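S.K.: Pasted the sequence and its predicted model underneath.
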Amino acid sequence: QVRLVESGGALVQPGGSLRLSCAVSGSTLDFYAIGWFRQAPGKEREGVACISLSYGSTVYAGPVKDRFTISRDNAKNTVYLQMNSLKPEDTAVYYCALGRALSLNTPGYGYWGQGTQVAVSF
């Protein structure tokens with residue numbers, strides 16, 4: 001059975017950095033990519049970044065491009081999201097999920113983790 005577990009969320013000041021981790025267990029043969037998504041209070045869940053499991057191709061949402069970097073360590077079955085220059089509007093619960101396409105569209109993803117809270121504030 002596939003399981004995803006996020007970690008690394010914290011309270012950080014604006015301009016700071018965090019690295020989120022998504023540990024994956026179980027078979028991912030039916031999936032093509034892992035994505036990071038976030039959901040702020042009162043807002044819909046949105047795609048942040050995704051990476052293909054085999055080739056390492058990446059896609060980023062406009063608001064995080066040039067600030068966030070997604071990467072994978074296949075030996076550790078872990079995907080990371082390095083977040084730099086954090087802004088208050090990055091505050092959200094961050095989720096990782098497995099998808100069948102390299103896309104930031106939420107409906108294309110299944111097997112979600114439980115989420116990790118990121119808060120950006122003084």
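M.R.: Nice, I can see it. Nothing here was measured: the structure is a model prediction, and the numbers come from that model.

S.K.: Which pLDDT value goes with the nearest residue to Y60 once chain neighbours are set aside?
M.R.: Nearest residue to Y60, sequence neighbours excluded (C-beta to C-beta, 6 or more residues apart in numbering): A49, at 4.9 Å. Every C-beta, even on glycine, is put in place using the N, C-alpha and C of the backbone. Looking at A49, its pLDDT reads 98.

S.K.: what sits against A49?
M.R.: G35, W36, T58, V59, Y60, A61, V64, F68, T69, I70, L81, L104 (C-beta atoms under 8 Å, 6 or more residues apart in numbering).

S.K.: ok, now with 6 Å
M.R.: W36, Y60, F68, I70 (C-beta atoms under 6 Å, 6 or more residues apart in numbering).

S.K.: Farthest pair within the residues you listed?
M.R.: W36 and Y60 (9.7 Å; C-beta to C-beta).

S.K.: Include neighbour count, pLDDT and secondary structure when you put the contacts of A49 into TSV, please.
M.R.: Formatted as TSV, these follow (neighbours: other C-beta atoms under 10 Å; pLDDT from 0 to 100; DSSP: H, G, I helix; E, B strand; the rest coil):
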residue	neighbour count	pLDDT	secondary structure
W36	27	98	strand
Y60	19	98	strand
F68	21	98	strand
I70	25	98	strand
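
S.K.: Closest one of those to Y109?
M.R.: Set against Y109, the nearest of the contacts of A49 by C-beta to C-beta is W36 (10.4 Å).

S.K.: from memory that closest one sits against V48, does it?
M.R.: Yes. Judged on C-beta atoms under 6 Å, W36 makes contact with V48 at a distance of 4.4 Å.

S.K.: quick one: low-confidence parts of the chain?
M.R.: In the predicted model of the chain, no residue satisfies pLDDT under 70.

S.K.: Good, wrapping up.
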